[in-house]
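Student: With the input below, show me the fold.
(one chain, ligands or ions: 1)
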Amino acid sequence: MPSLITGQEIAEHANRDSCWIIVHSESLAFSVIADGPDPSIDKVYDVTDFLDEHPGGSKIILKYAGKDATEAYEPIHPPDAIENNLPIEKHIGTVDPNTVVKVVKEVTEEDKRRQALMDARPPLDEILNLHDFEAVAKAVLPAKAWAYYSSASDDEITIRENRAAFQRIWFRPRVLRDVSSVDWSTTILGCKSSLPVYISATALGKLGHPDGEINLTRAAAKHGVIQMIPTLASCSFDEIADAAQPGQPLFLQLYVNRDREITKKYVQHAEKRGVKALFITVDAPQLGRREKDMRMKFVDDGAGAKVQEGQQDVKKDQGVARAISSFIDPSLSWKDIPWFRSITNMHIILKGVATPEDAILAYEAGCQGIVLSNHGGRQLDTSRSGVENLIDIVAALKTKGPWPNPNFSVFVDGGVRRASDVLKAIALGASAVGIGRGFLYAFSSYGQEGVEKAIQILRALKDEFEMNMRLLGARNLSEIVPEMVDASALRAHAGLTPPDNLYNATYQPLSLASFKTK
Ligand code: 173
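Tutor: Here you go, the predicted structure:
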């Protein structure tokens, strides 16, 4: 039995020389109290020696020294982060429940304002498109969560270009083709999918909703969609895998750890649990500067996370993403691809390829595909959009093998909000497209139901896929051919792009440094 520690004793360890914190855990408790009536448990950890190692800085931990840190910890750490990272001798026991008074959290004016907005959300049946979710999420999310999710790098040119590029592609629809029945289902890397869209990985889902990424898992199961699990999910990998239905296809996004043993264990565990494809992120040897996130000073008063070992020191004003990403190995190179092949039989896809040169290298390295992505505009600003890169990359791949190539898939993500965007990418040669933020905003605003609604908007009767395919004259995805689009304007990066009103209404311009008020 773990030892019971009184609240008073914990409160005595409330400084840099001796710092204990309480973290409430639901899932860990099952291993301790197998069939007790209350499976939740408050655990006590001695984090004194860890203070200076915490990627989010020591200040945030010291704020909770001698107290319950659950509220700050939970949204941005997988539940097993402490258990996996803090030496076992520092797990010093559980809180004696008879010695603590539960303090009811003070409801702030900001909490009240957000709750009122939650109560006044548009009913789901008035949500007509993915932009609507985005606008609701912006209103109801805590400012820090919105800043983190919506931010992109530097001047945020690429994030806007990701939308604009789709608007420079025009349709060339065919008529009189008996489109009474249309079918947009497909197979992605050998897995059935009800539409040519997968849920792309986005980190830290609990900043948006208490159930985090599991909202996506459950909605994906119900509607036959594939979810890519992020390495930096708020839920642990196993929580997500446990939430999936038997046989539900899942992909995994991978950030490669400086310590390859950690990566190997993680990848092999995922494969054992049935994950079908490994999407190795290759466009983030260092995280971009996302100024909206940085201005929020997340780390000073929010938190940081240590989700994998191998962290390096980070500065404290870098925003949440940078604070928890220092385990990512910038030395990752083409030489590592054979090693990945040697540790897993999953499909290997490189996520973040942007040029024909690298597409060919990926093909020749024996990968099963690439994602043409600029990381949602969050990495190298003024990178071109994935859909623009598709044209050159498909042309290059055609010189190397059959096309479409059953052994090499090309995916696109970035800026996809409408079925028409998806169809344009398909016409230009994509196997499927990824949507990250669209689904993230759907669960941030309406939980699992929001994600289900988002899928339905894209898919269901009379909604976007069916209507667009009929109007385009395509009865199934193989009838969507390059001749159905005019991409001649895609390369023109300036000029007559129509204003993207819905998108611009939600995305505010970047703000400049503010003057001190006193
Ligand atoms: O885009 C991101 O924010 C991202 O990929 C990330 C990377 C490391 C930590 C958190 C998020």
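Student: What is the three-state secondary structure of the residue of the stretch 351-500 of the chain found nearest the ligand?
Tutor: The stretch 351-500 of the chain approaches the ligand most closely through residue 378 (4.3 Å), counting by C-beta to the nearest ligand atom. From N, CA and C alone the C-beta is placed, and that goes for glycine too. Following DSSP: H, G, I helix; E, B strand; the rest coil, the label given to residue 378 is coil.
Student: Next one: it, what pLDDT does it get?
Tutor: Looking at residue 378, its pLDDT stands at 97.
Student: got the contact list for it?
Tutor: With contact taken as C-beta atoms under 8 Å, 6 or more residues apart in numbering, residue 378 is in contact with 151, 152, 153, 159, 287, 288, 290, 321.
Student: do residue 178 as well
Tutor: Neighbour list for residue 178: residue 475 [criterion: C-beta under 8 Å, 6+ apart].
Student: tell me the secondary structure for it?
Tutor: Under three-state DSSP, residue 178 comes out as coil.
Student: which residues of the stretch 101-250 of the chain fall in helices?
Tutor: In the stretch 101-250 of the chain, the helices defined using DSSP state H, counting those that start in this stretch lie at 109-119, 130-140, 143-150, 157-167, 214-223, 237-243.
Student: Out of the ones you listed, flag the one nearest the ligand.
Tutor: Nearest of those to the ligand, taken as C-beta to the nearest ligand atom: helix 143-150 at 7.2 Å.
Student: before we move on, back to that, between the contacts of residue 378, which is closest to residue 486?
Tutor: Of all the contacts of residue 378, residue 159 has the smallest distance to residue 486: 24.6 Å, by C-beta to C-beta.
Student: Distance check, that closest one against residue 165.
Tutor: 11 Å (C-beta to C-beta, to the nearest Å).
Student: tell me, what's touching the two both at once?
Tutor: residue 415.
Student: Apart from its neighbours in sequence, what residue is nearest the residue of the chain most remote from its centre?
Tutor: Distance to the chain centre peaks in the chain at residue 176, reaching 41.1 Å (criterion: C-alpha atoms, centre = their mean). Leaving aside its chain neighbours, residue 176 sits nearest to residue 473 (7.8 Å; criterion: C-beta to C-beta, 6 or more residues apart in numbering).
Student: if I pick the one you found, what's in contact with it?
Tutor: Taking C-beta under 8 Å, 6+ apart, one finds 173, 174, 175, 176, 177, 179, 479, 484 in contact with residue 473.
Student: Keep only the contacts of residue 378 that also lie close to the ligand.
Tutor: 287, 321 (C-beta under 6 Å from any ligand atom).
Student: so which one among the contacts of residue 378 has the lowest pLDDT?
Tutor: residue 321 (76).
Student: My understanding was that that one contacts residue 203; is that so?
Tutor: Yes. Taking C-beta atoms under 8 Å as the definition, residue 321 is a contact partner of residue 203 at 7.0 Å.
Student: that older thread, using TSV, lay out the helices of the stretch 101-250 of the chain together with mean neighbour count.
Tutor: Output for these, formatted as TSV (neighbours: other C-beta atoms under 10 Å):
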stretch	mean neighbour count
helix 109-119	11
helix 130-140	22
helix 143-150	21
helix 157-167	22
helix 214-223	23
helix 237-243	19
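Student: Among these, which comes closest to residue 396?
Tutor: helix 157-167 (18.9 Å).
Student: residues making contact with the closest one?
Tutor: Defining contact as C-beta under 8 Å, 6+ apart, one finds that helix 157-167 is touched by 152, 374, 376-378, 380-388, 414-418, 420-421, 424, 490, 493, 497-498, 500, 503, 507.
Student: Next step: those residues restricted to strands.
Tutor: Taking DSSP state E, every one of these sits outside strands.
Student: ok and the residue in the stretch 151-300 of the chain nearest the ligand?
Tutor: Closest point on the stretch 151-300 of the chain to the ligand, by C-beta to the nearest ligand atom, is residue 203, at 3.6 Å.
Student: Run a quick neighbour tally on that residue.
Tutor: Other residues near residue 203 come to 24 when the count uses other C-beta atoms under 10 Å.
Student: which residues touch it?
Tutor: Neighbouring residues of residue 203 by C-beta under 8 Å, 6+ apart: 230, 231, 232, 233, 234, 321.
Student: How about the residues of the chain by the ligand?
Tutor: By C-beta under 6 Å from any ligand atom, the residues of the chain that approach the ligand are 203, 232, 284, 287, 321, 324, 325, 375, 378.
Student: Go again with 5 Å.
Tutor: Applying C-beta under 5 Å from any ligand atom, one finds that the chain approaches the ligand through 203, 232, 321, 324, 325, 378.
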